[in-house]
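Chemist: Provide a 3D model corresponding to the input given below.
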Amino acid sequence: MLKLNCDLGEGFGIYRIGEDNKIMPYIDMANLACGFHASDPSHMQESVRLAKMYGVSIGAHPSYPDLQGFGRRVMQCTPEEIEAFMLYQIGALDAMCRVEGTKVDYVKPHGALYNQMMKEPLLFESIVHSIAKYNIDLPLVILSTPQSQQYEEIAEKYGIRLMYELFADRAYTNEGRLVSRSEKGAVIEDESEVLGRIGRLLEEGVLESNDGALLHLKADTLCVHGDTKTARSLVIALRDMIDAYRDS
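Modeler: Predicted coordinates for the structure are as follows:
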């Protein structure tokens, strides 16, 4: 069954983004920022406790070290640097989890790191390798695309399981990629439109691109961004829709 995930824990210092405490009860997976694009030790600890309270799976949400740019700017890094960034962030969140009697269940890179790993096989392999070094049992969440074989081959090489992700509130190109945030309409803000798209995905197994092409994509989990204005109401509506489809 399709699991609902959300990017959370993205405050920093005295600043808070989103309504984590109102969203967490309705999701299956929480992608928690690890300090490089958002969050800090106190926020991570608070987020871990909240996820544990509601029995939500905890995912490390590592990024490029780009706090000022919210992890949405591409950085030129060596494979060794990428592995170090990954290990540093996963380990930090895992430490918070262990103290609270829980654990990191999966890894989902954030922002530019997520997008670039889907474009650069060497970067993708560096990320997979770092996870395998830390804990081979941690699945990696990646963007579901029509061309998944190359990612599967790299992941299989290191014994890492992949989870395929679709985005509820993002527009797709005809090639099954996310429309760039720099383009108008990249983020779908109309809740009824999002629900219509996901309803069709559940019923027919297809997602419509921004130009009307029907995309047949693998789907293990569905993401909603926690920092949008309508995140809470959208998450609740999607929760109801997914549960109703499961029980039908």
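Chemist: tell me the contacts of the residue positioned nearest the centre of the chain?
Modeler: Nearest to the mean C-alpha position of the chain, by CA atoms, centre = their mean, lies Lys108 at 5.0 Å. The contact partners of Lys108, taken as CB atoms under 8 Å, 6 or more residues apart in numbering, are Asn5, Asn31, Gly59, Ala60, His61, Tyr114, Leu140, Val141, Glu165. C-beta: built from backbone N, CA, C; applies to glycine.
Chemist: now these in JSON lines, with pLDDT, secondary structure and neighbour count?
Modeler: Formatted as JSON lines, the contacts of Lys108 follow (pLDDT from 0 to 100; DSSP: H, G, I helix; E, B strand; the rest coil; neighbours: other CB atoms under 10 Å):
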{"residue": "Asn5", "pLDDT": "97", "secondary structure": "strand", "neighbour count": "27"}
{"residue": "Asn31", "pLDDT": "98", "secondary structure": "strand", "neighbour count": "29"}
{"residue": "Gly59", "pLDDT": "98", "secondary structure": "strand", "neighbour count": "27"}
{"residue": "Ala60", "pLDDT": "98", "secondary structure": "strand", "neighbour count": "26"}
{"residue": "His61", "pLDDT": "98", "secondary structure": "strand", "neighbour count": "32"}
{"residue": "Tyr114", "pLDDT": "96", "secondary structure": "helix", "neighbour count": "21"}
{"residue": "Leu140", "pLDDT": "98", "secondary structure": "strand", "neighbour count": "24"}
{"residue": "Val141", "pLDDT": "98", "secondary structure": "strand", "neighbour count": "22"}
{"residue": "Glu165", "pLDDT": "97", "secondary structure": "strand", "neighbour count": "22"}
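Chemist: so which of those is the closest to Leu217?
Modeler: Distance to Leu217, by CB to CB, is smallest for Glu165 among those, at 9.6 Å.
Chemist: Ser126 in helix, strand or coil?
Modeler: Under DSSP: H, G, I helix; E, B strand; the rest coil, the three-state class of Ser126 is helix.
Chemist: coming back round to it: farthest pair in the contacts of Lys108?
Modeler: Ala60 and Glu165 (14.6 Å).
Chemist: closest one to Arg98 out of the contacts of Lys108, please.
Modeler: Nearest to Arg98 among the contacts of Lys108, with distances taken as CB to CB, is Ala60, at 13.0 Å.
Chemist: pretty sure that closest one sits against Leu87.
Modeler: No. Look at Ala60 against Leu87 with CB atoms under 8 Å: they stay out of range, at 10.3 Å.
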